[in-house]
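**Student:** Could you look at this predicted model? Sequence included:
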Amino acid sequence: MMTKKNTTLGEFIIENQASFQYSSGELSKLINAIRLAAKVVNHEVNKAGLVDIIGAAGDTNIQGEDQQKLDVLANEKFIQTLKNREIVCGIASEEEDDFIQVNSSDQKNQNKYIVLIDPLDGSSNIDVNVSVGTIFSIYRRISPIGTPVTIDDFLQPGRNQIAAGYVVYGTSTMLVYTTGDGVNGFTLNPALGTFYLSHPNMKYPQTGKIYSVNEGNYVHFPQGVKDYIKYCQEEEDDRPYTSRYIGSLVSDFHRNMIKGGIYIYPKSSVASEGKLRLLYECNPMAYLAEQANGKASDGFRPILDIQPTELHQRVPFFCGSSKMVEKAEEFMQRNQ
Ligand code: P6P
């Protein structure tokens, strides 16, 4: 794995393409397509605050088009980019009720990859200038090449992912991804429009002192989560921990991977399976976590081992430093 800092993402992809099993260059083209879409969305996200000023004439932009919500725009940009480059046979998105069949112009449909995306996670944070993110997950199709994709292509367990990653549109814009050989982070130089390898071989610290959970829901949490939160707040050993909750999954995940920590979105009496989606939020983040020596579970079993049953199903999510996730699971199992 090439880890020389300041390598560009393009150079990195080429250098490491050979290390990817069954490399046919398609995955590299796919990562490049995501890179391009990320730059387009980054531009829109960064000027979001100016829309009211630019679009002073009301809810239309200078082309007279209806001013799109950014998550709708991000969804369209990622889908359009993936379709135009003819490298996938199917796409699923948080913004789309059903999966999208992608036919090739030669009608042979020889493409073998499918992509699942949350095009702009946490988009409600844009109005208050808090960072948001794009999350993506890539699988090889399991139905025969050349035939229409089926729902089963999308309902594969997360363990089958061949690549996953996120873009965090924060104080700087970063693309962080894995193809199964570790996790690498690339920072966008906006002046050049180039991503540079800034965080090679990212690893979760084995433990940490940060816990990320929306404690406003405390009264609704299962007893095991309540007990773990109280454990984090006790004055003992390396505790009390620090509570940090941005309300943007990719941002909380990213900070915890660098500093050590745990993110929890549990089920509750008001959200029977939690809030986060298995296929395009929890599975890709769980794949990244495990590739970075972290852990991700639903409180009892690894996220990546869950057999999906529906495209938009939700699961409880415990993710971060391995020792912290294991401790939280102890409290969950004690109260099962
Ligand atoms: P709550 C954003 O809507 C999101 O999907 C995640 O990015 C974030 O961690 C979570 O939901 C925040 O949800 O219920 O705490 O506001």
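**Tutor:** Looks like it arrived, so ask away.
**Student:** right, is stretch 290-301 up against the ligand?
**Tutor:** No - Stretch 290-301 does not reach the ligand (CB under 6 Å from any ligand atom); its nearest approach is 13.9 Å. For the C-beta atoms, the positions are set from N, CA and C on the backbone; glycine is no exception.
**Student:** and the residue nearest in space to the middle of the chain, what helix or strand is that in?
**Tutor:** Geometric centre of the chain, nearest residue: residue 135, 2.9 Å, by CA atoms, centre = their mean. In the assignment (DSSP states H and E), residue 135 maps to strand 132-140.
**Student:** Relative to that strand, what are the paired strands and their orientations?
**Tutor:** Sheet partners assigned to strand 132-140 using DSSP bridges are listed as strand 113-121 (antiparallel), strand 163-169 (antiparallel).
**Student:** quick one: buried residues of the helix or strand following that strand?
**Tutor:** Tracing the chain past strand 132-140, the next element assigned as helix or strand by DSSP H and E is helix 151-154. Going by neighbour count (16 or more other CB atoms under 10 Å), the buried part of helix 151-154 is 153-154.
**Student:** Show me the contact partners of helix 151-154.
**Tutor:** 89-90, 92, 99, 114, 116, 139, 141-143, 279, 308, 311 (CB atoms under 8 Å, 6 or more residues apart in numbering).
**Student:** How about stretch 7-15?
**Tutor:** Identification of contacts with stretch 7-15 by CB under 8 Å, 6+ apart yields 2, 28, 31-32, 35, 175, 184, 186, 194-197.
**Student:** Can you point out the buried residues in that stretch?
**Tutor:** Of all the residues in stretch 7-15, those buried under the rule 16+ other CB under 10 Å are 7, 9, 12-13.
**Student:** Cross-check those against the ligand and keep the overlap.
**Tutor:** Among the buried residues of stretch 7-15, not one lies near the ligand by CB under 6 Å from any ligand atom.
**Student:** Of these, which belong to helices?
**Tutor:** 9, 12-13 (DSSP state H).
**Student:** mind putting these in a markdown table, distance to residue 258 and pLDDT included?
**Tutor:** Below are these laid out as a markdown table (distance: CB to CB, whole Å; pLDDT from 0 to 100):
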| residue | distance to residue 258 | pLDDT |
| --- | --- | --- |
| 9 | 19 | 93 |
| 12 | 19 | 91 |
| 13 | 23 | 89 |
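**Student:** Among those, which one lies nearest to the ligand?
**Tutor:** Distance to the ligand across these (CB to the nearest ligand atom) is lowest for residue 9, with 24.1 Å.
**Student:** Now do the end-to-end distance for stretch 104-114.
**Tutor:** End-to-end distance for stretch 104-114: 13 Å, by CA to CA, to the nearest Å.
**Student:** Distance from that stretch to the middle of the chain?
**Tutor:** In terms of CA atoms, centre = their mean, to the nearest Å, the centre of stretch 104-114 is set 25 Å apart from its chain centre.
**Student:** low-scoring stretches of the stretch 51-200 of the chain, by residue?
**Tutor:** Along the stretch 51-200 of the chain, segments meeting pLDDT under 70 span 51-68.
**Student:** Show me which residues of it are close to the ligand?
**Tutor:** Residues of the stretch 51-200 of the chain lying close to the ligand by CB under 6 Å from any ligand atom are 121-122.
**Student:** For the ligand, what's the nearest residue on the stretch 51-200 of the chain?
**Tutor:** Counting by CB to the nearest ligand atom, the stretch 51-200 of the chain gets nearest the ligand through residue 122, at 3.9 Å.
**Student:** Now do the strands in this structure.
**Tutor:** 88-93, 100-101, 113-121, 132-140, 163-169, 173-178, 183-189, 194-199, 210-212, 242-243, 262-265, 295-297, 317-320 (DSSP state E).
**Student:** Among those strands, show me which one is buried the most.
**Tutor:** Sort the strands of the chain by mean neighbour count, taking mean count of other CB atoms under 10 Å, and strand 317-320 sits at the top with a mean of 28.
**Student:** How about that strand and the ligand, any contact?
**Tutor:** No - Strand 317-320 does not reach the ligand (CB under 6 Å from any ligand atom); its nearest approach is 8.9 Å.
**Student:** strands paired with that strand, and their directions?
**Tutor:** Strand 317-320 has its sheet partners listed here by DSSP bridges as strand 262-265 (antiparallel), strand 295-297 (antiparallel).
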